[in-house]
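Asks: after the sequence you'll find the predicted model.
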Amino acid sequence: MATYTFKKEILIHTSLETMWSFLSNPKNLQQLTPKSMGGKPLGDMPEQMVEGMEVEYRIQPFFPLSLTWRARFPKVVKHHYFIDEQIKGPFKSWQHKHTITSDENGVRMMDEIVYEPPFGIIGAIANKLFIRKQLQAIFDHRTDVLKRIFPET
């Protein structure tokens with residue numbers, strides 16, 4: 001079936017090292033996820049991700065539905081980018097590349113998600129009706145949180 005791409009780019013006023021330290025800590029995902037979506041870590045979480053590791057979170061994509069989201073980090077390039085892939089979760093497939101680069105005003109953060117909703121044509125309709133909007137809302141929330149954590153000085 002069809003795959004879709006979602007992209008978001010923001011400028012954060014901090015150093016590359018500080019941004020990497022924050023983003024590469026799997027414990028911080030819950031802080032970046034709207035409370036209504038969950039994002040609660042399951043089990044022990046390391047302070048920093050490493051290539052090949054797997055993590056699990058409890059998410060609530062649609063109230064009252066609660067799911068386990070298991071992700072793997074197949075590629076981690078320190079201070080540059082990492083990729084997470086869904087192993088178990090609500091999508092047929094999901095790959096999210098998080099890239100950060102230095103900018104004269106801070107750090108440019110780019111997210112690119114390539115995903116395929118489940119259920120074929122029903123998933124395509126769901127994407128058009130609400131999945132894409134939900135992704136936009138999640139990343140708008142993430143932007144707001146990051147701008148509060150790393151305010152412009």
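Replies: Thanks, I have the structure now.
Asks: what's the following helix or strand after the lowest-mean-pLDDT helix or strand in the chain?
Replies: Least confident helix or strand, the chain: strand 38-41 with a mean of 84, by mean pLDDT, DSSP states H and E. Using DSSP states H and E, the helix or strand that follows strand 38-41 in sequence is strand 54-62.
Asks: what's the distance between the residue nearest in space to the middle of the chain and Met49?
Replies: The C-alpha lying nearest the average C-alpha coordinate of the chain belongs to His96 (C-alpha atoms, centre = their mean; 6.6 Å). According to C-beta to C-beta, to the nearest Å, His96 stands 13 Å off from Met49. Backbone N, C-alpha and C define where each C-beta goes, glycine included.
Asks: then Ile12?
Replies: For Ile12, the distance to Met49 - C-beta to C-beta - is 19 Å.
Asks: more neighbours, those two?
Replies: Applying other C-beta atoms under 10 Å to Ile12 and Met49 shows that Ile12 carries more neighbours, namely 23 against 19.
Asks: quick one: the more buried one and Trp20 touch, right?
Replies: No - checked against C-beta atoms under 8 Å, the pair Ile12 and Trp20 is beyond contact range at 11.3 Å.
Asks: can you tell me the element Gly123 falls in?
Replies: Going by DSSP H and E, Gly123 is part of helix 120-126.
Asks: how about the closest residue to Ile83 other than its chain neighbours, secondary structure?
Replies: Of all residues not flanking Ile83 in the chain, Lys75 sits nearest, at 4.5 Å (C-beta to C-beta, 6 or more residues apart in numbering). Following DSSP: H, G, I helix; E, B strand; the rest coil, Lys75 is assigned to strand.
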